[in-house]
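> give the three-dimensional model of this entry:
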Amino acid sequence: MKRDNLADRLLDAVDEKKNPSVVGLDPRLWRVPDHLKKRAKMETDDPFKAAGEAIFEFNKGIIDGVHDIVPAVKPQVAFYEKYGVEGIRAFKKTIEYAKEKGLIVIEDVKRNDIGSTAKAYASAHLGEVDLIDKDALSFDGDMVTVNPYLGSDGIEPFVEVCEEHGKGIFVLDKTSNPSSSELQDLTTEDGKKIYEVMAELIDEWGKDLIGDRGYSSVGVVVGATYPEEAETLRDIMKNNLFLVPGYGTQGGTADDVIPCFNDEGYGAIVNSSRGIDYAYEDDEEYDPEEFDRASRKAALEMKDDIMKSLKKGDKVPEDW
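Residues are numbered from 1 along each chain as shown. Predicted coordinates:
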């Protein structure tokens, strides 16, 4: 039975797969296998349509390879928007296909605005939009990433849509990029870091959306490259799910992500994009035509890697 609370649904999916890892779908056309691009070019003379179709077929192959391993995928919209209408079409088709395969879809869109504009973003990606004769779902992702640095005005419209439609958000806090310290590590007059102040706000924003499993549908983004900060943030945000980028290619290790989990082994999902999307490039076992099998192998290796660190930290969920 589908639950109304997104955090409950996501944790159920993690339990079903016994895996807290997520695959990011960040298609770089020059790294998409040549046979997909050649096939797409044969079907249309429009280079944008061909790019969009090659991207979708690439995503489809990866989803086919990992859908029984991971609970969710995270397409990053920038890699689609660059191809205009046809890229957005590929983005939409990717969301639909992933959901057909039973996956939760986290739209990595990092929206940031206030008032009616924030409400429009929230409606487009999570809720319903007004058409001429009726309201209807548009992108229909399950969760989106949100930039909070306009304050509560930019978050409340998303929270309202989440409550109405059973969706969720991940709010940026301590991000994985090296320059995040330029702002996020500044100290306020009362001695708190900006990321700690943000954590307190995120905790408050999510209080009305806590599900049966004790977690809110208002989650937080915390980079794997900052394990000490993650430990501090886990203490502040006991009821918020962590989306953890930075594992693998960006330098974060499985051990680095463990502070994002609670003592029972819940509360975090760990993302890898390039390491899984383009695994075929570094794995001599597979030809480019077998990119989906290479991605599957990489996803299983990531799962095993995280599980080893969870076991080492004595944080494996009891029923796993």
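
> against Pro27, how distant is Phe91?
Noted for Phe91: a distance of 10 Å to Pro27, by C-beta to C-beta, to the nearest Å. (Each C-beta comes from the backbone N, C-alpha and C, glycine too.)

> between these two, which contacts overlap?
Here Phe91 and Pro27 have Tyr80 as joint contacts, going by C-beta atoms under 8 Å, 6 or more residues apart in numbering.

> how about the strands in the stretch 1-150 of the chain?
With DSSP state E, counting those that start in this stretch as the criterion, the stretch 1-150 of the chain has strands at 21-25, 72-75, 104-111, 128-130, 135-137, 143-146.

> residue ranges with poor pLDDT in the chain?
1-3 (pLDDT under 70).

> show me where it has its helices.
Applying DSSP state H to the chain gives helices spanning 6-17, 34-43, 47-66, 78-81, 84-100, 115-125, 156-165, 181-184, 194-205, 227-236, 254-257, 274-277, 291-312.

> for Gly219, find the nearest of those.
helix 6-17 (7.3 Å; C-beta to C-beta).

> who's in contact with the closest one?
The set of residues external to helix 6-17 that reach it, using C-beta under 8 Å, 6+ apart, is 2-3, 20, 68-72, 103-104, 142-143, 162, 166-168, 209-213, 215-217, 219, 241, 266, 269, 317, 319-320.

> got it, and stretch 235-243?
With C-beta under 8 Å, 6+ apart as the contact definition, stretch 235-243 has outside contacts at 7, 10-11, 22, 74, 106, 145, 168, 170, 196, 199-200, 202-203, 206-207, 210, 214-216, 218-222, 230, 233-234, 260-262, 267-269, 271.

> got the helices of the chain as a markdown table, with distance to Ile132 and mean neighbour count columns?
Written out in a markdown table, the entries for those read as follows (distance: least, C-beta to C-beta, whole Å; neighbours: other C-beta atoms under 10 Å):
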| stretch | distance to Ile132 | mean neighbour count |
| --- | --- | --- |
| helix 6-17 | 30 | 21 |
| helix 34-43 | 32 | 15 |
| helix 47-66 | 26 | 22 |
| helix 78-81 | 26 | 18 |
| helix 84-100 | 20 | 18 |
| helix 115-125 | 16 | 18 |
| helix 156-165 | 21 | 20 |
| helix 181-184 | 43 | 14 |
| helix 194-205 | 34 | 19 |
| helix 227-236 | 45 | 18 |
| helix 254-257 | 47 | 22 |
| helix 274-277 | 39 | 22 |
| helix 291-312 | 40 | 19 |
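
> quick one, which of the ones you listed gets closest to Glu284.
It's helix 291-312; of those, that one is closest to Glu284 (C-beta to C-beta) at 9.9 Å.

> quick one: the closest one to helix 34-43, angle?
140 degrees (axes from the mean of the first three to the mean of the last three C-alpha atoms, to 10 degrees).

> start at 165, not 1
With the count now opening at 165, the last piece we talked about shows up as helix 455-476.

> list the helices and strands helix 455-476 packs on?
For helix 455-476, the helices and strands in contact under the criterion 3 or more C-beta pairs under 8 Å, 6 or more residues apart in numbering; DSSP states H and E are strand 185-189, helix 211-230, helix 418-421, strand 432-436, helix 438-441.

> tell me the angle of that helix relative to helix 170-181?
Using the same axes, to 10 degrees, helix 455-476 lies at 100 degrees relative to helix 170-181.

> run the chain-centre distance for helix 455-476.
17 Å (C-alpha atoms, centre = their mean, to the nearest Å).

> contact partners of that helix?
Looking at helix 455-476 with C-beta under 8 Å, 6+ apart, the contacting residues turn out to be 183-185, 187, 197, 222, 225-226, 228-230, 233-234, 411-412, 417-419, 421-422, 425, 429, 434, 436, 439-444, 447, 449-450, 480.

> now it - C-alpha only, CSV.
Extracted as CSV, the C-alpha positions of helix 455-476 are listed here (Å, rounded to 0.1, in the frame of the first residue of the first chain):
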residue,chain,number,x,y,z
PHE,A,455,26.9,-0.1,-20.3
ASP,A,456,23.8,-1.2,-18.4
ARG,A,457,25.6,-4.3,-17.0
ALA,A,458,28.6,-2.2,-16.0
SER,A,459,26.3,0.2,-14.1
ARG,A,460,24.6,-2.6,-12.4
LYS,A,461,27.9,-4.0,-11.3
ALA,A,462,29.0,-0.6,-10.0
ALA,A,463,25.7,-0.2,-8.1
LEU,A,464,26.2,-3.5,-6.4
GLU,A,465,29.7,-2.6,-5.5
MET,A,466,28.6,0.7,-4.0
LYS,A,467,25.9,-1.1,-2.0
ASP,A,468,28.5,-3.6,-0.6
ASP,A,469,30.9,-0.8,0.2
ILE,A,470,28.4,1.1,2.2
MET,A,471,27.2,-2.0,4.0
LYS,A,472,30.7,-2.9,5.0
SER,A,473,31.1,0.6,6.6
LEU,A,474,27.7,0.3,8.3
LYS,A,475,28.7,-3.0,9.8
LYS,A,476,32.0,-1.6,10.9
